[in-house]
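S.K.: Sharing a model that was predicted from the sequence below.
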Amino acid sequence: QQPQIILLKEGTDTSQGKAQLLSNINSVTAVGDVVRTTLGPRGMDKLIHDDKGSVTISNDGATIMKLLDIVHPAAKILVDIAKSQDSEVGDGTTTVVLLAAEFLKEAKPFVEDGVHSQNLIRSYRTASTLAIEKVKELAVSIEGKSVEEKKGLLAKCAATTLSSKLIGGEKEFFATMVVDAVMAIGDDDRLNLIGIKKVPGGNMRDSFLVDGVAFKKTFSYAGFEQQPKKFLNPKILLLNIELELKSEKENAEIRLSDPSQYQSIVDAEWNIIYDKLDKCVESGAKVVLSRLAIGDLATQYFADRDIFCAGRVAEEDLNRVAAAAGGTVQTSVNNIIPEVLGTCEIFEEKQVGGERFNIFSGCPSGRTATIVLRGGADQFIEEAERSLHDAIMIVRRAVKNSTVVPGGGAIDMEISKYLRQHSRTIAGKSQLFINSYAKALEVIPRQLCDNAGFDATDVLNKLRQKHAMQSGEGASYGVDINTGGIADSFANFVWEPAVVKINAINAATEAACLILSVDETVKNPKSESAQGDAAAGAMGRGRGGGRGRGMRRR
Ligand code: ADP
Ligand code: MG
């Protein structure tokens, strides 16, 4: 009798083969089903709350995927592709999850029939390459237009992104705002140069754009009422020091032998702070900002000299003022040279809703913009911020590589048609696989219809017919979200940057192939030693990052 070979520790949980593959596909499809209803302008939102009681309402695929606490190792891959789509291009996160799920759904019957998954993977990869080439070929450049014209076109792209969101009703209003904001920062790469400030209350339409920096004032000390609230062309001093008596108190240890010396110590303390304040005043600055506290002594002192000050400014805001106004943050008040002072055309402190805002507009380096968002509930403003983030990313993408494709499922139908045609030229099983891939792409227009309550079969038949036209004039026809029929997406300005589609197809195919290539998942049992425990945890979880044993093989 052969001795039994013990390979894995007792209690190790393995499942393998076809059953494992099918179970992975099922779980991924289930995740796809969760997000599918959020796609498009008529998509629904998800309300997610956790045990800490925080509530999020979102339509954004990446946000939803992040908040869903997915435990299935294979399904976690979808979370990762949604995240990567979000960081790469910023939009199309629902699309990418949906496509990946659909690719796998189409692959399922083949797997059940015993097709080796490597065959599927190879065909899928080929199909994806062909699809991306086709997208590039169909993309239309908006380069070489005048600035005004370009702005209009970019606003169209932003509006398409926003139309699927909670603030879709005001998409033109926000689209223009987003384009202005992106134009204001030019081709600078740093996203944080566009600030979004949320002020609950008021109406969405009360939101406004500052061509500079705006931030909420956190603290107001006595004396602040007497400070002027508006300056034209002020010098701005940026500090990272505390202007308060208390700091001196805490930082020193003093031993006195004679009680009469006490007064001199107190005086010295006052002298130190007055010396600091004098130096600030001497610098000629009219606006003094500090990341740390500016106490009431300093506030009053500045007020007496017609200087505005604000303490406890968030670091991010201070840096944005520095970038916009052209100053440098100082950690000492000694030797303040004029070069480190910033300036702007108008500085103003204004009441916005229940908050006081410091607003710096007309900044010389001009490379910042701030959107002040108004609106009802907190969840609403937060979702509005996420939506604007998507729109900002899209406009920036479009500025960088300015090619667009028709949305509303038009491009997906066109690629699908192209792949079907191409598949007919291939002999062998691969023909079927590429055909399935092509069919999977139709999920986008189908879902757009489903979510809007249209008859998807009917609309898709019309679309197929249009796209099959020899002349090619039907190539940009997509779902008409307003009437339930079909319409020329290009003519209706439902545009998406080509990179959104390219990245989505790429990432979704990769994810699908990754899952198809897994034939075994191993869950390691908990080890007795604490050290082993951590390691086992990392292995067993088999994160999408590919740390788990099962995920590794490709
Ligand atoms: P994602 O997270 O993938 O960006 P969205 O919910 O934003 O998902 O939906 C995007 C889809 O909605 C795209 O396929 C886009 O073409 C489509 N879409 C957006 N606006 C319209 C519109 N006005 N008419 C038809 N389709 C639209
Ligand atoms: Mg979107």
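M.R.: Ah, there it is. Numbering: from 1, shown residues only. Ligands and ions are numbered 1, 2, ... in the order given.
S.K.: How about this structure: which residue is closest to ligand 1?
M.R.: With distances taken as Cβ to the nearest ligand atom, the chain approaches ligand 1 most closely at residue 407, which sits 2.5 Å away. (Each C-beta comes from the backbone N, C-alpha and C, glycine too.)
S.K.: Verify the contact between that residue and residue 161 for me.
M.R.: No - counting by Cβ atoms under 8 Å, residue 407 stays clear of residue 161, with 9.2 Å between them.
S.K.: Now list whatever residues contact both of the two.
M.R.: Where contact means Cβ atoms under 8 Å, 6 or more residues apart in numbering, the residues bridging residue 407 and residue 161 through contact with each are residue 496.
S.K.: Quick check: residues of this protein near ligand 1?
M.R.: Taking Cβ under 6 Å from any ligand atom, the part of the chain that reaches ligand 1 is made up of 38-41, 43, 59, 61, 91-95, 160, 163-164, 407-408, 444, 448, 478-479, 481, 494, 496.
S.K.: ok, how many other residues are close to the residue in the chain positioned nearest to ligand 2?
M.R.: Nearest to ligand 2 in the chain, going by Cβ to the ion, is residue 91, at a distance of 4.3 Å. For residue 91, the number of neighbouring residues by other Cβ atoms under 10 Å comes to 31.
S.K.: Where does it fall, secondary structure wise?
M.R.: If you go by DSSP states H and E, residue 91 is not part of any helix or strand.
S.K.: how much space between it and residue 48?
M.R.: As judged by Cβ to Cβ, to the nearest Å, residue 91 and residue 48 stand 20 Å apart.
S.K.: phi, psi of residue 485?
M.R.: Backbone torsions of residue 485, given as degrees, to the nearest 10, read phi -110, psi -150.
S.K.: what do you get for residue 511?
M.R.: Recorded main-chain torsions at residue 511 are phi -60, psi -40, according to degrees, to the nearest 10.
S.K.: still on that earlier bit, mind listing what the residue of the chain closest to ligand 1 touches?
M.R.: Counting by Cβ under 8 Å, 6+ apart, the residues that residue 407 touches are 160, 478, 489, 494-496.
S.K.: Dump those residues into a markdown table; add secondary structure and neighbour count as well.
M.R.: Putting the contacts of residue 407 into a markdown table (DSSP: H, G, I helix; E, B strand; the rest coil; neighbours: other Cβ atoms under 10 Å) gives the following:
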| residue | secondary structure | neighbour count |
| --- | --- | --- |
| 160 | helix | 27 |
| 478 | strand | 28 |
| 489 | coil | 26 |
| 494 | coil | 26 |
| 495 | strand | 27 |
| 496 | strand | 27 |
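S.K.: Which member of these is positioned nearest residue 312?
M.R.: Nearest to residue 312 out of these is residue 160 (Cβ to Cβ; 40.1 Å).
S.K.: ok, that closest one touching residue 496?
M.R.: Yes - the criterion here is Cβ under 8 Å, and residue 160 meets it with residue 496 at 6.0 Å.
S.K.: What count of nearby residues applies to residue 517?
M.R.: Taking other Cβ under 10 Å as the criterion, the count of residues near residue 517 is 16.
S.K.: Kindly report the same for the one 5 residues further on.
M.R.: For residue 522, the number of neighbouring residues by other Cβ under 10 Å comes to 16.
S.K.: how near is it to residue 8?
M.R.: 7 Å.
S.K.: Pull up the overlap in contacts between these two.
M.R.: Common contacts of residue 522 and residue 8, defined by Cβ under 8 Å, 6+ apart, comprise residue 14.
S.K.: on that earlier part again, please produce a markdown table containing the contacts of residue 407, extended by pLDDT and distance to residue 297.
M.R.: Shown next, in a markdown table, are these (pLDDT from 0 to 100; distance: Cβ to Cβ, whole Å):
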| residue | pLDDT | distance to residue 297 |
| --- | --- | --- |
| 160 | 83 | 54 |
| 478 | 91 | 65 |
| 489 | 86 | 63 |
| 494 | 81 | 59 |
| 495 | 81 | 57 |
| 496 | 84 | 56 |
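S.K.: possible to save those residues as a markdown table with distance to residue 513?
M.R.: Rendered in a markdown table, the data for those read as follows (distance: Cβ to Cβ, whole Å):
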| residue | distance to residue 513 |
| --- | --- |
| 160 | 29 |
| 478 | 27 |
| 489 | 29 |
| 494 | 30 |
| 495 | 29 |
| 496 | 24 |
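S.K.: Count the neighbours of the residue lying closest to residue 380 once chain neighbours are set aside for me.
M.R.: Counting by Cβ to Cβ, 6 or more residues apart in numbering, the nearest residue to residue 380 once its immediate chain neighbours are dropped is residue 166, at 6.6 Å. Close neighbours of residue 166, defined as other Cβ under 10 Å, add up to 21.
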